[in-house]
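Chemist: What would the 3D arrangement of this be:
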Amino acid sequence: MGIDEKTKAAAWQQIRQYGDPVLMEESRAVEPGEEARLLSGRMIKIMYGADGVGLAAPQIGILQRLIVFRFGSEEPQVLLNPEITWQSEDTATEAEGCLSFASLCVDVERALGIRVRGQDLEGNPAGFELDGLQARILQHEIDHLSGVMIHNRTSREQRKDLMGRLRQVKLPGER
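Modeler: Model prediction:
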């Protein structure tokens, strides 16, 4: 079942796009509790509405260290104050998109394997050991919490191409 255009447009209107200064700032630690629960619920709806696989709080204008993500058909997950505690020396360069770049893709080099720790919504320790696409998703979202975006991790040529394509793209609901 696809996402209707109205839902898609509403989701995209809430996602900050490249050029918004909040996307380049460092996020603050977030406390577990009702506020984080409400924020993560909103973010999950936006992520699904925009057909994304991850979303960081700064992407909706909130400078808190909170990410939501999904792996395939699994239930969405929430991680507070995530940090990468280990990453493999082996890397791969693959096309990577970003909701804050209108889902446009550039080649980004990432570690093939990582370990991440943070907290769940109740404040309990949470951790993941990931590889492949799952590792890439979390590295991408955790980058957002430090104000780092895909254009910061690609070649000058790819960055220039990305900026040119970005000027021409229209988000759902735009005319």
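Chemist: I'd assumed residue 81 was in a helix, is it?
Modeler: No - looking at residue 81 with DSSP: H, G, I helix; E, B strand; the rest coil, it is strand, so not inside a helix.
Chemist: Now do the same contact list for it.
Modeler: 29, 30, 65, 66, 118, 119 (Cβ atoms under 8 Å, 6 or more residues apart in numbering). Glycine gets a C-beta too; all of them are placed from N, C-alpha and C.
Chemist: ditto for residue 58
Modeler: Contacts of residue 58 (Cβ under 8 Å, 6+ apart): 16, 22, 23, 25, 27, 144, 145, 147.
Chemist: hmm, 6 Å instead?
Modeler: Residues in contact with residue 58 (Cβ atoms under 6 Å, 6 or more residues apart in numbering) are 22, 23, 27, 144.
Chemist: now swap in residue 88 and tell me
Modeler: So residue 88 contacts 111, 112, 113 (Cβ under 6 Å, 6+ apart).
Chemist: surely the last one meets residue 131?
Modeler: Yes - under the criterion of Cβ atoms under 6 Å, residue 113 lies in contact with residue 131, with a separation of 4.3 Å.
Chemist: what about those two, which has more around it?
Modeler: Higher neighbour count among residue 113 and residue 131: residue 113, with 17 against 13, using other Cβ atoms under 10 Å.
Chemist: got any ranges where this protein has weak pLDDT?
Modeler: For the chain, residues meeting the criterion pLDDT under 70 lie at 1-2, 175.
Chemist: all strands of it, in order?
Modeler: Taking DSSP state E, the strands of the chain run over residues 54-56, 66-69, 77-87, 91-97, 105-111, 113-119, 125-131.
Chemist: what lines up beside the first one in the sheet?
Modeler: Going back to what we said before, that points to strand 54-56. strand 66-69 (antiparallel) (DSSP bridges).
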